[in-house]
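Student: the following comprises the amino acid sequence and a computationally predicted model.
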Amino acid sequence: MRKIAFTSGLLVLLLSACQPVVKTAAVTFQLDPHASVQSHTLANGMKILVQENHRAPVVVSQVWYKVGGSYEHDGITGLSHALEHMMFKGTKKVPAGRFSEIIAANGGSENAFTSKDYTAYFQRIASDRLELCLKLEADRMRNLTIDAGEFKKEIEVIKEERRMRTEDKPTSLTYEHFNATAFFNSAYHQPVIGWMNDLDNMNVENLRQWYKTWYAPNNATLVVTGDVKALDVFKLAEQYFGVLKPSIMPEVKPRLEVKQLGERRIIVQRPAKVPYIVMGYKVPVLKTVKDEWEVYALEMLAGILDGGDSSRLSKALVRGQQIAVQAGASYSMHSRLNSLFVLDAVPLGKHNVQELEQALQAQIKKIQQKKPDAAEMSRVKAQVMASAVYEQDSVFYQAMQLGTLETVGLGWQEKEKYLQKIKQVTAAQVQAVAKKYFHPQTLTVAILQPTAISSSAQLEGQHHAH
């Protein structure tokens, strides 16, 4: 199922007229009483975003780096993700494994994630322990040891992760091949975890250089949400991150995808229990689109096709024709580069992927030929509104919104516009984007064609599952 992304309150006007100024230790902090988020940039270029939420005495702290899978090139794929693993392997002050132990001993939890566009590290902890998190993060931003022995062990862990999550999961492997087929030369061509051959040939010096290049305060954003005061966070950030030296960032080449000149189609043959189909159309995102309304219309279209039990794919393919076990649609408007509008499905019983493809195409044609009715538009908009209310309860999700928008270069203010922009989408606009972007010239189709599952493969799968 699809989650409708990045909802917020109505547009907040940033009134600069009456902003109190606070001076402390020769550093000036400017607070805006009318803004939902307080922002400050350190002298070394690091950005700090704070959203106060005093419902519970907890805080979420996240450090986001502008580097991910799409910053890599052929031969070094998986470096960003491998470095994420190594960030827990110690500094001179904090030995390997101690970072997580210290956070846990203080009642907190922590983890990290790598995507195409960014790498982020986070902690959830009692608000009076925030300083501890910032102190630890500032230390590993510049002082990671990256020990050769630790790397040798960790790269094997990463390769096993790749086997379990991708190579031993036929649908995941199919999706990886689909993605690589859809994008020829875009930076989104390669998987975030990296190709196995690149992992086999990665060395510790590659990681040290990657760390030295990208992990710097002027390539990072600190996001703090929860039971804190913005001024206190700014002071702590100045104390721990402000002393770190900035780096000269390398130029990031645009690596824009070449124009697709016709439908692309692949078949993936793997031992599997059921077939699977995934289809994707090339579409713009908020960062690349010329007419902003198109992106919000695509977002609405994804909700119409796959927004709960009353959505079109669920009603038509799963419950109506009963030809699919599951059928979904997804679209992410907050990527750094042009993306894909994806449809996927798993057939039910004796039905096959050809029937599913025809059924998915039929749903596209319906929208192209007749715009959604008022009731359907209202239903999806109501879902967005409900999501907005529920998401306000999650300080973690609030931080995710801010970090993502800031790191892909949109700016956190975009979250304030989301609801209003969705409300303004018309049925005619939804139909218009379906007509404009959903045509064979930009379509990529991947089909998982199951082969017989051998007894040895089943045993191997059981082994990995443990």
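Tutor: The structure has been received and is ready for your questions.
Student: alpha carbons only for contacts and neighbour counts from here, please
Tutor: Fine.
Student: what sits up against the one helix or strand Lys365 maps to?
Tutor: Applying DSSP states H and E as the criterion places Lys365 in helix 353-369. The contact list for helix 353-369 (Cα atoms under 8 Å, 6 or more residues apart in numbering) reads 275-277, 312-313, 317, 323-324, 343, 345-347, 430-432, 434-435, 438, 447.
Student: now that helix: buried residues?
Tutor: By neighbour count on 16 or more other Cα atoms under 10 Å, the buried set for helix 353-369 is Val353, Leu356, Glu357, Ala359, Leu360, Gln363, Ile364, Lys365, Ile367, Gln368.
Student: farthest pair in these?
Tutor: With Cα to Cα as the measure, no two of these lie farther apart than Val353 and Gln368, at 22.5 Å.
Student: the contacts of helix 353-369 in strands, which ones?
Tutor: Those of the contacts of helix 353-369 mapping onto strands are Tyr276, Ile277, Ala324, Leu343, Ala345, Val346, Pro347, Ile447, per DSSP state E.
Student: report the separation between the two terminal residues of stretch 316-333.
Tutor: Using Cα to Cα, to the nearest Å, one end of stretch 316-333 lies 26 Å from the other.
Student: can you select the buried ones among the contacts of helix 353-369 for me in ChimeraX?
Tutor: Buried residues within these, by 16+ other Cα under 10 Å, are selected in ChimeraX with:
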select :275,276,277,312,313,317,323,324,343,345,346,347,430,431,432,434,438,447
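Student: ok so, going back, JSON lines please, covering the buried residues of helix 353-369 and showing distance to Ser39 and pLDDT.
Tutor: Below are the buried residues of helix 353-369 laid out as JSON lines (distance: Cα to Cα, whole Å; pLDDT from 0 to 100):
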{"residue": "Val353", "distance to Ser39": "50", "pLDDT": "97"}
{"residue": "Leu356", "distance to Ser39": "48", "pLDDT": "97"}
{"residue": "Glu357", "distance to Ser39": "47", "pLDDT": "98"}
{"residue": "Ala359", "distance to Ser39": "48", "pLDDT": "97"}
{"residue": "Leu360", "distance to Ser39": "44", "pLDDT": "98"}
{"residue": "Gln363", "distance to Ser39": "44", "pLDDT": "97"}
{"residue": "Ile364", "distance to Ser39": "42", "pLDDT": "98"}
{"residue": "Lys365", "distance to Ser39": "45", "pLDDT": "98"}
{"residue": "Ile367", "distance to Ser39": "42", "pLDDT": "98"}
{"residue": "Gln368", "distance to Ser39": "43", "pLDDT": "98"}
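Student: return the closest of these with respect to Ala182.
Tutor: Checking the buried residues of helix 353-369 against Ala182 with Cα to Cα, the nearest one is Glu357 at 17.0 Å.
Student: return the distance of the closest one relative to Val278.
Tutor: To Val278, Glu357 is 9 Å away according to Cα to Cα.
Student: widest-spaced pair of the ones in strands among the contacts of helix 353-369?
Tutor: With Cα to Cα as the measure, no two of the ones in strands among the contacts of helix 353-369 lie farther apart than Ala324 and Ile447, at 14.5 Å.
Student: residues making contact with the helix or strand hosting Glu160?
Tutor: Element membership for Glu160, per DSSP H and E: helix 148-162. Residues from elsewhere that reach helix 148-162 (Cα under 8 Å, 6+ apart): Ala82, His85, Met86, Lys89, Ile193, Met196, Leu199, Val204.
Student: in helices, which of the residues you listed fall?
Tutor: Among the contacts of helix 148-162, DSSP state H puts Ala82, His85, Met86, Met196, Leu199, Val204 in helices.
Student: who wins for neighbours among those residues?
Tutor: Greatest neighbour count in the ones in helices among the contacts of helix 148-162, by other Cα atoms under 10 Å, goes to Ala82: 23 neighbours.
Student: nearest residue to the middle of this protein?
Tutor: The C-alpha lying nearest the average C-alpha coordinate of the chain belongs to Ser115 (Cα atoms, centre = their mean; 5.6 Å).
Student: I figured that residue was touching Val192, is that so?
Tutor: Yes - look at Ser115 against Val192 with Cα atoms under 8 Å: they come within range, at 6.2 Å.
Student: low-confidence ranges in this structure?
Tutor: For the chain, applying pLDDT under 70 flags the ranges 1-26, 455-466.
Student: what segments of it are strands?
Tutor: Secondary structure of the chain, counting by DSSP E: strands at 21-24, 27-30, 38-41, 47-52, 58-65, 109-114, 119-126, 220-226, 264-271, 276-283, 324-330, 339-347, 443-451.
Student: save the ones in helices among the contacts of helix 148-162 as a markdown table, and put in distance to Trp210 too.
Tutor: Below are the ones in helices among the contacts of helix 148-162 laid out as a markdown table (distance: Cα to Cα, whole Å):
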| residue | distance to Trp210 |
| --- | --- |
| Ala82 | 10 |
| His85 | 13 |
| Met86 | 12 |
| Met196 | 19 |
| Leu199 | 15 |
| Val204 | 10 |
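Student: so which of those residues is the closest to Pro217?
Tutor: Taking Cα to Cα as the measure, Pro217 lies nearest Met86 of the ones in helices among the contacts of helix 148-162, at 18.4 Å.
Student: hang on, isn't the closest one packed against Ile146?
Tutor: Yes - contact criterion Cα under 8 Å: Met86 and Ile146 qualify, at 6.6 Å.
Student: now do the shared contacts for these two.
Tutor: Common contact partners of Met86 and Ile146 (Cα under 8 Å, 6+ apart): none.
Student: got the domain ranges for this structure?
Tutor: For the chain, automatic domain parsing gives the domain ranges 36-240, 264-465.
Student: closest one to Pro246 among these?
Tutor: Closest approach to Pro246 among the domains of the chain is made by domain 36-240 (5.4 Å; Cα to Cα).
Student: now the end-to-end length of the closest one.
Tutor: 25 Å.
Student: return the distance of that domain from the chain's centre.
Tutor: Centroid displacement of domain 36-240 relative to its chain, using Cα atoms, centre = their mean, to the nearest Å, is 13 Å.
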